[in-house]
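Visitor: Structure here, sequence nowhere to be found:
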Ligand SMILES: O=P([O-])([O-])O[C@@H]1[C@@H](O)[C@H](O)[C@@H](O)[C@H](O)[C@@H]1O
Ligand SMILES: [Mg+2]
Ligand SMILES: [Mg+2]
């Protein structure tokens, strides 16, 4: 099988260029429902492991900087999730935060691909600060199909499936309709770089939005949970430089299915691998924020 090609086991793609994933239309079939149900069960199972480990002693290491933390639980949970999925869906592909950090290629092809952050908010996890999540996203033909984000300490299960809405547990999620920075509650995250130039740009972006009389800016330590708060209407927008595809994949589906928009900081379409994002309940607010931001270069996940 050549890179980018993938087989469905007993289901071969129909027509197309052999690389695209097309299913024969089958009445009532919902090709990815089984995958999403599996993701929810795995997020719950992984979330219990994280919750138990939160209060225990941890061995902490660092990755790209002194504040970019990782623990043995991040690795254990990612291995748990990927091994269970690989057993059930052997033809699928996987992008995991810790596998990527260990050298695996971070490449999105047309194949069904799972995009996993085993612990989002590892710094919070190390400090026993509650916002900690397991995030599982899923894409086919490079299109995000569904996202599952489990809040490990309060038990909220956020789900979103393309064309089927977004939920927190059983409650439907809807974004706000706020269009102006001056009335908005905005969330962001700091990212792992702490050099003086980056800090100047990060604080400058915050200062710019505050001079536009934003009601407030909040940093909670978990990009995925902050994006879920936008999807639930508890905040109006989110922006960040320095997050990754595994922070974005699941949450992007959830926000879109809650009626929100997720775009690039340039104001153009979202580029999942670009390590940057603006998300909001309305396109007007997303664009207003994007045009005020100074870019902080974090490279790309797929480089
Ligand atoms: O590493 P992790 O805890 O999964 O994810 C974290 C993100 O949620 C956060 O937005 C970012 O600022 C941190 O640098 C880190 O990437
Ligand atoms: Mg993580
Ligand atoms: Mg993360």
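Guide: Cool, got the structure. For clarity, every value in this text was computed on a predicted model and none was experimentally measured. Numbers count the residues shown, from 1 in each chain. Ligands and ions are numbered 1, 2, ... in the order given.
Visitor: Please count neighbours and contacts with C-alpha atoms only from this point.
Guide: Noted.
Visitor: near ligand 3, which residues of the stretch 101-250 of the chain?
Guide: Where the stretch 101-250 of the chain comes near ligand 3, counting by C-alpha under 5 Å from the ion, the residues are 120, 247.
Visitor: ok, the closest residue to ligand 3 within the stretch 101-250 of the chain - contacts?
Guide: With distances taken as C-alpha to the ion, the stretch 101-250 of the chain approaches ligand 3 most closely at residue 120, which sits 3.8 Å away. Taking C-alpha atoms under 8 Å, 6 or more residues apart in numbering, we find residue 120 in contact with 132, 133, 134, 135, 222, 223, 224, 247.
Visitor: any idea what sits nearest it, other than its immediate chain neighbours?
Guide: Once flanking residues are discounted, residue 120 sits nearest to residue 133: 5.1 Å by C-alpha to C-alpha, 6 or more residues apart in numbering.
Visitor: Would you mind listing the residues in contact with the one you found?
Guide: With contact set as C-alpha under 8 Å, 6+ apart, residue 133 has these partners: 47, 118, 119, 120, 121, 149, 150, 151, 152, 222, 224, 225.
Visitor: Among these, which ones are in strands?
Guide: 118, 119, 120, 149, 150, 151 (DSSP state E).
Visitor: Setting aside sequence neighbours, what's the nearest residue to the second one?
Guide: Distances taken as C-alpha to C-alpha, 6+ apart put residue 134 closest to residue 119, at 5.1 Å, once the chain neighbours are dropped.
Visitor: for the last one, same thing?
Guide: Here the nearest residue to residue 151 in space, its sequence neighbours aside, is residue 133; by C-alpha to C-alpha, 6+ apart that works out to 4.5 Å.
Visitor: Only the buried residues of the helix or strand where residue 82 lies, if you could.
Guide: Counting by DSSP states H and E, the element that carries residue 82 is helix 72-88. For helix 72-88, a neighbour-count test (16 or more other C-alpha atoms under 10 Å) marks 73, 74, 75, 77, 78, 79, 80, 81, 82, 85 as buried.
Visitor: Out of these, which is nearest to ligand 1?
Guide: The shortest approach to ligand 1 among those belongs to residue 74, at 8.5 Å (C-alpha to the nearest ligand atom).
Visitor: Could you check how far the closest one is from ligand 3?
Guide: As for residue 74, its distance to ligand 3 is 10 Å (criterion: C-alpha to the ion, to the nearest Å).
Visitor: didn't that residue look like it was pressed against residue 123?
Guide: No. Here residue 74 does not reach residue 123: they are 11.2 Å apart, not a contact under C-alpha atoms under 8 Å.
Visitor: Residue 153: neighbouring residues, count only.
Guide: Under the neighbour criterion other C-alpha atoms under 10 Å, residue 153 is assigned a count of 18.
Visitor: wait, what's in contact with it?
Guide: Applying C-alpha under 8 Å, 6+ apart as the definition, the contact partners of residue 153 turn out to be 51, 130, 131, 132.
Visitor: Which one (most neighbours) among those?
Guide: Neighbours were tallied for each of the contacts of residue 153 (criterion: other C-alpha under 10 Å), and the maximum of 31 neighbours falls on residue 132.
Visitor: Please name the nearest non-neighbouring residue to it.
Guide: Here the nearest residue to residue 132 in space, its sequence neighbours aside, is residue 121; by C-alpha to C-alpha, 6+ apart that works out to 5.0 Å.
Visitor: what pLDDT does that neighbour get?
Guide: Confidence at residue 121, expressed as pLDDT, is 98.
Visitor: Just give the number of residues close to the residue nearest to residue 303 when sequence neighbours are not counted.
Guide: Across the structure, with C-alpha to C-alpha, 6+ apart as the measure, the residue nearest residue 303 apart from its sequence neighbours is residue 106 (8.0 Å). Other residues lying near residue 106 total 20 when counted by other C-alpha under 10 Å.
Visitor: ditto for residue 242
Guide: One way to gauge burial is a neighbour count; for residue 242, by other C-alpha under 10 Å, it gives 19.
Visitor: go on, residue 127?
Guide: Here the count is done by other C-alpha under 10 Å, and residue 127 has 12 residues near it.
Visitor: what residues are up against it?
Guide: Residue 127 sits next to no residue when contact means C-alpha under 8 Å, 6+ apart.
Visitor: Name the residues that touch stretch 242-251?
Guide: By C-alpha under 8 Å, 6+ apart, the list of residues contacting stretch 242-251 from outside reads 95-97, 115-117, 120, 135-138, 144, 146-149, 160, 190-193, 223-224, 227-228, 272-276, 296-298, 301.
Visitor: hmm, that stretch in reach of ligand 1?
Guide: Yes. Stretch 242-251 is in contact with ligand 1 by C-alpha under 6 Å from any ligand atom, via residue 243.
Visitor: Just confirm yes or no for that stretch near ligand 2.
Guide: No. Judged by C-alpha under 5 Å from the ion, stretch 242-251 makes no contact with ligand 2; its nearest approach is 7.6 Å.
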